[in-house]
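1. Structure for this input, please:
(chains A and B)
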Amino acid sequence: MLRKILTILSFLAVFSVSAAHADQKKIGFIYIGPPGDHGWTYMHDQGRIYMENALGDSISTTYIENVPENADAVRAIRKLAASGHDLIFTTSFNYMDQTLEVAKEFPDVKFEHATGFKRMDNVSTYSARFYEGRTIIGHIAGKMTKTNTIGYIVSFPIPEVIRGINAFYLAASKVNPDVKIKIIWNYSWYDPGKEADAANTLINQGADIIVQHTDSYAPCQAAEKAGVLAFGQASNQEAFCPNSHMTSIEDIWGPYYAAKAQAVVDGTWSSEDTWQGFKDGMVEMSPYNTKLLPLDLILEAKNMETAIENGTLHSFEGPIYNQAGELVVKEGEVADDGMLASMMFYVQGIDGEVPQ
Amino acid sequence: MSIDLIIGILNIVLISTTPLVFAGIGELVTEKSGVLNLGLEGLMLVGAVTGFITLVITGNYFYSLLLSIISGVILSGIFAFLVLNLMTNQIATGLALTIFGIGLSAMLGKKFGGTPIDGLNPYYFIVISFLLVFFIAYFLSKTKTGLIVRAVGENHNSAYALGYNVIKTRYLTIIFGGVMSSLAGYYISICYAPMWQEGMTAGRGWIALALVVFATWRPWRLLVGAYIFGGVAIMQMNLQAIGVKLPGQFFNMMPYLATIIVLVFISSNKLRLKLSAPSSLNIPFEKNQ
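-> Numbers count the residues shown, from 1 in each chain, chains lettered A, B, ... in the order given. A predicted model of the protein is given here:
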């Protein structure tokens, strides 16, 4: 009820800003959280600002924040489409079917859906290979943990998140076969209190490193308070936990957004699937914390980044087994993008089951 | 399970449940006087952001607490004026207050999101929350003023005929509820997760509202209910971390489900309903009837 009213109010706000020049291309964004979350939505908003600066007067942008991943999303996306937007970025996985639904009604409007896998003639999908970053932090965590217990806070059981857990665990267990990860599913992307509770619960159960796949910096703050180590998520979170923040995996959307907006301005936009990582600069690691990490470990991490960039290292190198002990990636091979995109199983060694 | 682990769990339960106790006990008093305030979420957010901003600017915990309380007085004062003097619909006004609070807090806090602060020790608030429940339970059942509050909530016309000032009583209970919500918000942004981010209360105001019904408007039951809700949430995290497979979505809807069950139970019987809910709840009071 409340969400609906909020959504309606935000439509009104969109209408008021969209009285811009007629020849400008209008570009809209749907955000799952507030741009001030200093995580996922913050980085998308940074991308939007980058795009605005890069393209100047040829575009104007609007966004609707805090759009829930349910039927309200359809209304929010439709409002943007109906109010003359040429290109709409829907920036969360569970906007997938809603984006397609609206895209069918507005064949002339271009849509870009983040982290999804369903495309149409006017719907592109794009994502970053965050799991490459998870490989790096897994390696660091495997070497840095003293209790051999790592706490991992996650949002929803979707392929992107599960891929991250697997990439992390594979890298961590490679350098430290005794490592265990404890996983808590929060079923929300953004609830600072709950994320802090989860972090404290994991620390209480013996985790000495906190990893998160949720959007606020509360877990890293909880780690700082408890005196354990942590990795940030989506943006550089060092300011919030200077004594426990080892590094963050940063999402860099700006250049991609600018390129796609330019394509719409030039009339060359076409539906495609983009999945970029370290190599194209869509994923970056925040500066490694030299106070916490030994120099040789930082060098190892940097070498791994380079190796992933030039393809000599892959996050999912065989042999990889699933929990049932079945070989899913053969020795000498790497997991293909199809498998990665639909990954809904844990690799061998992770305790617990993937929630349904 | 080792003792340390259990103490750790209890510690987390205490920290995470306290905002529910504050907001819940405030709303309980408001509802006992016959007014339904759905604006808790908005009040909490504004309380959280004013406290946070004041702390960032002045660096003084006392001023930040004071400003947070004042924000609650002002906002709930406006709400009281609307529903008591102008006799607007309480549900619509409460929802408006929530929406207003969400927007206002986001606007005020825009420049302050992501400013690191030193959090305050939560234990003061935890102790105060228990004392508060004790005090309110005593107040409502043993003091004359408390009985007047209940009389106003049960039947405002009779209370008025007996010479009690219905409007004044309700002003005070609404403002008390507002201040408690602000404190809950203050606790969240200063102690629980020391930061400001938009919408950071994440629905706790609604859980507090549900809690009042769950407790059938009784202070001690509210405390117990809050700790059941909070305890279940933390226990399921612990079980998950141990590796037990749980339907997490189920636990997320638990507070609401429990409230519906209690509602069904108390409304199954007219007498039981009468004994539980304040009879004048959500009914506007007109002086010159």
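
2. measure B:Gln90 to chain A for me?
-> Computed as C-beta to the nearest C-beta, to the nearest Å, the B:Gln90 to chain A distance reads 15 Å. For every residue, glycine as well, the C-beta is placed using N, CA and C.

3. thought that residue was touching B:Ala96?
-> No - using C-beta atoms under 8 Å, B:Gln90 is not in contact with B:Ala96; the gap is 10.6 Å.

4. between those two, which one's more packed in?
-> More crowded of B:Gln90 and B:Ala96, by other C-beta atoms under 10 Å in any protein chain shown: B:Gln90, with 22 against 18.

5. biggest helix in chain B by residues?
-> The longest helix of chain B (DSSP state H) is helix B:3-32.

6. Any regions of chain B where pLDDT drops low?
-> Along chain B, the parts satisfying pLDDT under 70 run over B:1, B:288-289.

7. Run through the helices of it in chain order.
-> With DSSP H as the criterion, chain B has helices spanning B:3-32, B:40-58, B:61-80, B:90-109, B:123-142, B:144-154, B:156-161, B:166-187, B:204-214, B:219-242, B:248-267, B:270-276.

8. re earlier: from the chain's centre, how far out does the longest helix of chain B sit?
-> On the basis of C-alpha atoms, centre = their mean, to the nearest Å, helix B:3-32 is displaced by 11 Å from the centre of the chain it belongs to.

9. Can you spell out which helices and strands pack onto that helix?
-> Helices and strands touching helix B:3-32, by 3 or more C-beta pairs under 8 Å, 6 or more residues apart in numbering or on different chains; DSSP states H and E, are helix A:192-204, helix B:40-58, helix B:123-142, helix B:144-154, helix B:166-187, helix B:204-214, helix B:219-242.

10. buried set for it?
-> Judged by neighbour count (16 or more other C-beta atoms under 10 Å in any protein chain shown), helix B:3-32 contains these buried residues: B:8-9, B:11-32.

11. In chain A, where is pLDDT below threshold?
-> In chain A, residues with pLDDT under 70: A:1-22.

12. can you list the domain ranges for it.
-> A:2-128+A:253-276, A:130-243+A:284-341 (automatic domain parsing).

13. most packed of the helices of chain B?
-> Highest mean neighbour count of these: helix B:40-58, a mean of 27 (counted as mean count of other C-beta atoms under 10 Å in any protein chain shown).

14. Now do it against helix B:3-32: the angle between them, please.
-> Going by axes from the mean of the first three to the mean of the last three C-alpha atoms, to 10 degrees, helix B:40-58 is angled at 110 degrees with respect to helix B:3-32.

15. counting contacts, what elements does helix B:40-58 pack onto?
-> helix B:3-32, helix B:61-80, helix B:90-109, helix B:166-187, helix B:204-214.

16. for these, which one sits closest to B:Glu41?
-> Distance to B:Glu41, taken as C-beta to C-beta, is lowest for helix B:204-214 among the helices and strands packed on helix B:40-58, at 3.1 Å.

17. can you list the residues of the stretch 201-350 of chain A near chain B?
-> Proximity of the stretch 201-350 of chain A to chain B (C-beta under 8 Å from any C-beta of the partner chain) is limited to residues A:Thr201, A:Leu202, A:Asn204, A:Gln205, A:Ser216, A:Tyr217, A:Ala218, A:Gln221, A:Ala222, A:Lys225, A:Ala239, A:Phe240.

18. again, only this time at 7 Å
-> With C-beta under 7 Å from any C-beta of the partner chain as the criterion, the stretch 201-350 of chain A comes near chain B at residues A:Thr201, A:Leu202, A:Asn204, A:Gln205, A:Ser216, A:Tyr217, A:Ala218, A:Gln221, A:Ala239, A:Phe240.

19. excluding its backbone neighbours, what's nearest the second one?
-> Yep, that's A:Leu202 we're talking about. Closest residue to A:Leu202 apart from its sequence neighbours, by C-beta to C-beta, 6 or more residues apart in numbering or on different chains: A:Gly151 at 2.7 Å.

20. What's the separation between that neighbour and B:Tyr192?
-> A:Gly151 sits 19 Å away from B:Tyr192 when distances are taken as C-beta to C-beta, to the nearest Å.

21. Over in the stretch 201-350 of chain A, which residue gets nearest chain B? Let me know.
-> Nearest residue of the stretch 201-350 of chain A to chain B, counting by C-beta to the nearest C-beta: A:Asn204, 3.5 Å away.

22. wait, A:Ala335 sits on A:Phe316?
-> Yes - here A:Ala335 lies in contact with A:Phe316, judged by C-beta atoms under 7 Å, at a distance of 3.6 Å.

23. Common neighbours of the two, please.
-> Applying C-beta atoms under 7 Å, 6 or more residues apart in numbering or on different chains, one finds that A:Ala335 and A:Phe316 are jointly contacted by A:Val329.

24. what sits against A:Cys70?
-> Actually, residue A:70 is Asn. It isn't Cys. Listed by C-beta under 7 Å, 6+ apart, A:Asn70 has no contact partners.

25. What are the phi and psi values at A:Ile153?
-> phi -100, psi 130 (degrees, to the nearest 10).
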